[in-house]
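Enquirer: Fold the following, please.
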Amino acid sequence: MALSHLRILRPVLCRLLPTATRTPLVATSGVPSPPLVNCDGVPPNYVRHYATKKSKAKAKAQTAKVNINAALVEDIISLDEVKEDMAAVLATLKDEFSRNLSIRTSPGALDHITVTTKDGKFPLNQLGQISVKSPQLLVVNVTGFPEATAAVIRAIQESSMGLNPEVEGTIIRVPIPRVTREHRENLAKLAKQFSNKAKDSLRRVRSNAVNQLKKSKEGVSEDTIHLIEKQVQQMADSYVTDIDKQLATKTKELLG
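Expert: Below you'll find the predicted structure:
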């Protein structure tokens, strides 16, 4: 009822109110204030903006981020060395992905295999000549080192590539599994295992750094120790993110 009366009285109010009253006020900030009475017959539009969960989380993450100058804490711990150790874990994972999870047949597919003999350890390609006979068959000729034949076979079997070599004298035939859907899925599972192994290595690097900090607590404030621990944790979290990205990329490549 009151609303209907207001609508009837609006034209009268607009005629009676001075022009200055109907003109939007301008604050010192330059932002106009909404009119108290809208004489165009359109109710003023009031909008209230709320912070989203995403913006709150982003703001919280930015606030919590710690970045300590490595030179200021070098007497306590070398953050550069910790970072190098973590980077080495990621580099090892990339290398394992490249060497062990290829779905292509090439002579280089076996180059990474290390053969242990009574004379020491040698790369497979130094003991035998590797060639491709077909997309599903590699051949290793160890005529130059016949005494290493058994060691080469054992190294191929233990290479985590799931290969079962066949030997005829000094010629070793290595059948390569067909690239079936099952084979791709097995490689993807292996990629997951490699990434989990890398995360375990990261945790060890972080734990070693924290243990080193605990030994250095004497003469160092608790706040400083706490900030360094947070810095180490942030470094580890960053590399975990990189590991997850590498895994996602490799899984997509393997599964097609």
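Enquirer: just the helices in the protein please.
Expert: Per DSSP state H, the chain carries helices over the ranges 2-16, 19-22, 53-64, 79-100, 124-127, 149-157, 181-215, 222-255.
Enquirer: which stretch in the ones you listed is the model least sure about?
Expert: Looking at the helices of the chain, the lowest mean pLDDT belongs to helix 19-22 (a mean of 44).
Enquirer: Could you dump the helices of the chain into a markdown table and include mean neighbour count and distance to residue 170?
Expert: Where C-beta positions appear, they are placed from N, C-alpha and C, glycine not excepted. What follows is the helices of the chain, written out as a markdown table (neighbours: other CB atoms under 10 Å; distance: least, CB to CB, whole Å):
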| stretch | mean neighbour count | distance to residue 170 |
| --- | --- | --- |
| helix 2-16 | 10 | 100 |
| helix 19-22 | 10 | 102 |
| helix 53-64 | 9 | 61 |
| helix 79-100 | 17 | 25 |
| helix 124-127 | 18 | 11 |
| helix 149-157 | 18 | 6 |
| helix 181-215 | 16 | 29 |
| helix 222-255 | 16 | 34 |
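Enquirer: give me every residue that touches the nearest residue to residue 162 once chain neighbours are set aside.
Expert: Nearest residue to residue 162 in three dimensions, chain neighbours excluded: residue 177, at 6.7 Å (CB to CB, 6 or more residues apart in numbering). By CB atoms under 8 Å, 6 or more residues apart in numbering, the residues touching residue 177 are 136, 162, 183.
Enquirer: can you give me phi and psi for the closest residue in space to the last one that isn't next to it in sequence?
Expert: Spatial nearest neighbour of residue 183, excluding adjacent residues (CB to CB, 6+ apart): residue 177 at 5.0 Å. Main-chain dihedrals, residue 177, degrees, to the nearest 10: phi -60, psi 140.
Enquirer: From residue 187, how far out is residue 177?
Expert: To residue 187, residue 177 is 10 Å away according to CB to CB, to the nearest Å.
Enquirer: before we move on, what about residue 156?
Expert: For residue 156, the distance to residue 187 - CB to CB - is 17 Å.
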